[in-house]
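S.K.: Below is the sequence, then the predicted model.
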Amino acid sequence: MRPDHATMVHLAQAPTTQSATFWRSLRAQCIAAANWVGRQLERRRSRLALLEMTDEQLKDIGLSRGEAYTEYMRRLWD
């Protein structure tokens with residue numbers, strides 16, 4: 001059984017504009033999500049660094065031990 005010409009032409013065409021737009025949009029959303037996760041992880045590392053500082057170091061940057069702990073306890077997305 002031989003496929004007709006119209007089916008072969010349809011299968012050989014490049015992806016539609018709508019399909020290409022979808023993939024570009026999906027890629028952009030994935031990049032944005034990865035960037036957001038990276039920023040959140042950096043915040044978390046910074047908050048952990050505050051806990052590792054001595055009281056003198058915290059005083060130098062104008063924080064108390066309680067303020068450093070409060071900052072550490074904040075939610076990831078705050």
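M.R.: Cool, got the structure. Numbering: from 1, shown residues only.

S.K.: the bottom helix or strand of this protein by mean pLDDT?
M.R.: Taking mean pLDDT, DSSP states H and E as the measure, the helices and strands of the chain show their lowest mean at helix 5-12, namely a mean of 57.

S.K.: I'd like the next helix or strand past it.
M.R.: The first helix or strand that comes after helix 5-12 along the chain, using DSSP states H and E, is helix 17-52.

S.K.: I'd like the average pLDDT over that next one.
M.R.: Averaging the model's pLDDT scores along helix 17-52 yields 94.

S.K.: roughly how far is the helix or strand that that helix is followed by from the heart of the chain?
M.R.: Downstream of helix 17-52, the first helix or strand assigned by DSSP H and E is helix 55-60. Computed by Cα atoms, centre = their mean, to the nearest Å, the separation of helix 55-60 from the middle of its chain amounts to 32 Å.

S.K.: list the helices and strands helix 55-60 packs on?
M.R.: Contacts of helix 55-60 with other secondary structure elements, assessed using 3 or more Cβ pairs under 8 Å, 6 or more residues apart in numbering; DSSP states H and E, are made with helix 65-73. All C-beta spots, glycine's among them, are computed from the backbone N, C-alpha and C.
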